[in-house]
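Trainee: here's a sequence, model it:
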Amino acid sequence: MEKDELTTPEQVEIESNNQSNTVVRIEQDGKTYILIGTAHVSKTSADEVKEVIEREQPDAVCIELDEQRYQSMMDSDKWKKMDIFKVIKDKKATLLLMNLAISSFQKRMAKQFNIEAGQEMMQGIKSAEDVGAELVLADRNIQITFSRIWGNVGTKGKLMLLTQVMAGIFSNESITEEELEKMKSQDAIGAILDEFTEHFPRLKTPLIDERDQYLAEKIKRAKGEKIVAVLGAAHVPGITEEIKKDHDLKQLNKVPKKSKWPKRIAWGIPIGIVLMVLATFIMNPEAGTDQVMSWLIWNGLFSAIGTAIAFGHPLAILAALVAAPITSLNPLMAAGWVSGLVQAYVKKPKVSDFEALSDDVYTVKGFWQNKVTRILLVVMLANLGSTLGTVVASTDVIRLFIENIF
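Mentor: Numbers count the residues shown, from 1 in each chain. Next up, the predicted model:
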């Protein structure tokens, strides 16, 4: 449909063609926006992106990437440049592991159809260059999105989210390409989001709604009269509505302030444990000794078991065993950081490990064998073990404290 065929200042049309019903054309304020809804591991989506951009000859092409993900996609040597020690020290090991887990899931689906994950975005970049259109990186910074997600889901949600993402590593689920293309329909996407938000009701706002608003505003601000946007299909319905409104990008880019209560609780628990142990020692030295031993054994044992499950080096397992009882009393430290640094020191990844990383995350075996991901697993599982050990040990400390009061 051409612009002069429209009779209203604002109109939305869903194109019908031989490939899909996910190309949405919007005429608004003298500009034409063409939104292409894609599945991130679909060759058909990449072909459709190429066809639409070549046909429309837009002034700008917006893609659902931020600067960080764009650079990672364009830099094939990105893994070689990663400093694993810095990742651990900056407390980003779990975040990196989650990113790799998501990458693992996408790569398995992409390999099933013999294509590259994110091929539709790469096609958008190439086609923009081919037709001389300005390339716009339209998505919000991934770190800001993660920060806003993390601040919205609560403690239970964080555990559920981490479990759900990590479960993707072990999934051998395969789907047909017909099922994949069906996921691109708006009705199917709506149903998926309804089910998703049932488990994570506070996750949809930062992950989908806010990004719909951000993407819509960036698309509106793109230069030229005709704009093509390459988007995940889940965002198309929301952007179709949000593009009618004005949005404050500065507000959407704000990282939420951390509440003081989690920090107070994080310090309050170890202080309470220490006070109970001291009080028990005064009332009954033998019971106080039992409390100390319980704290040392359960904390160290569970953290060491977590490290062992990650196939950590014996020295990393020993480090977790020794560090966990101490770090559990200090919120500024974590057993996983200690055992992870030891693992990285004694089993320092080689260049070949970083080069193989993008392929190794494709399988469970590769995840555990690659020295880089094994370090990340050591950090995460040692921390999870220490947390579980703290719960068990704290219960025992409280029990002995109460028994000696009465």
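
Trainee: only C-alpha atoms for contact and neighbour calcs from this point on.
Mentor: Noted.

Trainee: where exactly do the helices run in the stretch 151-300 of the chain?
Mentor: 154-170, 177-182, 186-199, 204, 210-221, 236-242, 249-252, 260-283, 285-309 (DSSP state H, counting those that start in this stretch).

Trainee: just give me the lowest mean pLDDT stretch among those.
Mentor: Here the lowest mean pLDDT among the helices of the stretch 151-300 of the chain goes to helix 186-199, at a mean of 47.

Trainee: if you count neighbours, what's buried in stretch 393-406?
Mentor: For stretch 393-406, a neighbour-count test (16 or more other CA atoms under 10 Å) marks 393-394, 396-398, 400-401 as buried.

Trainee: and what of stretch 49-66?
Mentor: By neighbour count on 16+ other CA under 10 Å, the buried set for stretch 49-66 is 49-50, 52-53, 57-66.

Trainee: mind checking the end-to-end distance for it?
Mentor: Distance across stretch 49-66, first residue to last, is 19 Å (CA to CA, to the nearest Å).

Trainee: quick check: mean pLDDT across it?
Mentor: 94.

Trainee: what does it rub up against?
Mentor: Stretch 49-66 has contacts (CA atoms under 8 Å, 6 or more residues apart in numbering) with 36, 120-121, 123-125, 127-128, 131-142, 215, 219, 222-232.

Trainee: dump stretch 287-294 to CSV, keeping only the CA atoms.
Mentor: The C-alpha coordinates for stretch 287-294 follow below in CSV (Å, rounded to 0.1, in the frame of the first residue of the first chain):
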residue,chain,number,x,y,z
ALA,A,287,26.1,-26.1,72.9
GLY,A,288,27.9,-23.0,71.6
THR,A,289,30.6,-25.3,70.3
ASP,A,290,28.0,-27.4,68.5
GLN,A,291,26.6,-24.3,66.9
VAL,A,292,30.0,-23.3,65.6
MET,A,293,30.7,-26.8,64.2
SER,A,294,27.3,-26.9,62.6
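
Trainee: which other helices and strands does the helix ranked longest in the chain contact?
Mentor: Ranked by residue count, the top helix of the chain under DSSP state H comes out as helix 371-405. Under the contact criterion of 3 or more CA pairs under 8 Å, 6 or more residues apart in numbering; DSSP states H and E, helix 371-405 touches helix 93-112, helix 260-283, helix 285-309, helix 314-327, helix 335-346, helix 351-360, helix 364-369.

Trainee: now distance to Gly30 and mean neighbour count too, for those helices, in JSON lines please.
Mentor: Supplementary listing: the helices and strands packed on helix 371-405 in JSON lines, determined by distance: least, CA to CA, whole Å; neighbours: other CA atoms under 10 Å:
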{"stretch": "helix 93-112", "distance to Gly30": "38", "mean neighbour count": "20"}
{"stretch": "helix 260-283", "distance to Gly30": "48", "mean neighbour count": "15"}
{"stretch": "helix 285-309", "distance to Gly30": "60", "mean neighbour count": "22"}
{"stretch": "helix 314-327", "distance to Gly30": "61", "mean neighbour count": "24"}
{"stretch": "helix 335-346", "distance to Gly30": "55", "mean neighbour count": "25"}
{"stretch": "helix 351-360", "distance to Gly30": "44", "mean neighbour count": "16"}
{"stretch": "helix 364-369", "distance to Gly30": "51", "mean neighbour count": "18"}
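
Trainee: out of those, which gets nearest to Ser147?
Mentor: Closest to Ser147 of those is helix 93-112 (CA to CA; 10.4 Å).

Trainee: pLDDT of that closest one, averaged?
Mentor: The pLDDT scores in helix 93-112 average 64.

Trainee: measure Asn141 to Tyr70 for me?
Mentor: Asn141 is 11 Å from Tyr70, by CA to CA.

Trainee: same list (the buried residues of stretch 49-66) but as TSV, adding secondary structure and distance to Lys371.
Mentor: Output for the buried residues of stretch 49-66, formatted as TSV (DSSP: H, G, I helix; E, B strand; the rest coil; distance: CA to CA, whole Å):
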residue	secondary structure	distance to Lys371
Val49	helix	38
Lys50	helix	39
Val52	helix	43
Ile53	helix	42
Gln57	coil	46
Pro58	coil	45
Asp59	coil	46
Ala60	strand	42
Val61	strand	39
Cys62	strand	37
Ile63	strand	33
Glu64	coil	31
Leu65	coil	29
Asp66	coil	29
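
Trainee: any chance of CSV for those, columns distance to His247?
Mentor: Formatted as CSV, these follow (distance: CA to CA, whole Å):
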residue, distance to His247
Val49, 27
Lys50, 30
Val52, 27
Ile53, 27
Gln57, 27
Pro58, 24
Asp59, 22
Ala60, 20
Val61, 20
Cys62, 17
Ile63, 18
Glu64, 17
Leu65, 19
Asp66, 18
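
Trainee: going by distance to Gly272, which of these wins?
Mentor: Nearest to Gly272 among the buried residues of stretch 49-66 is Asp66, at 44.2 Å by CA to CA.
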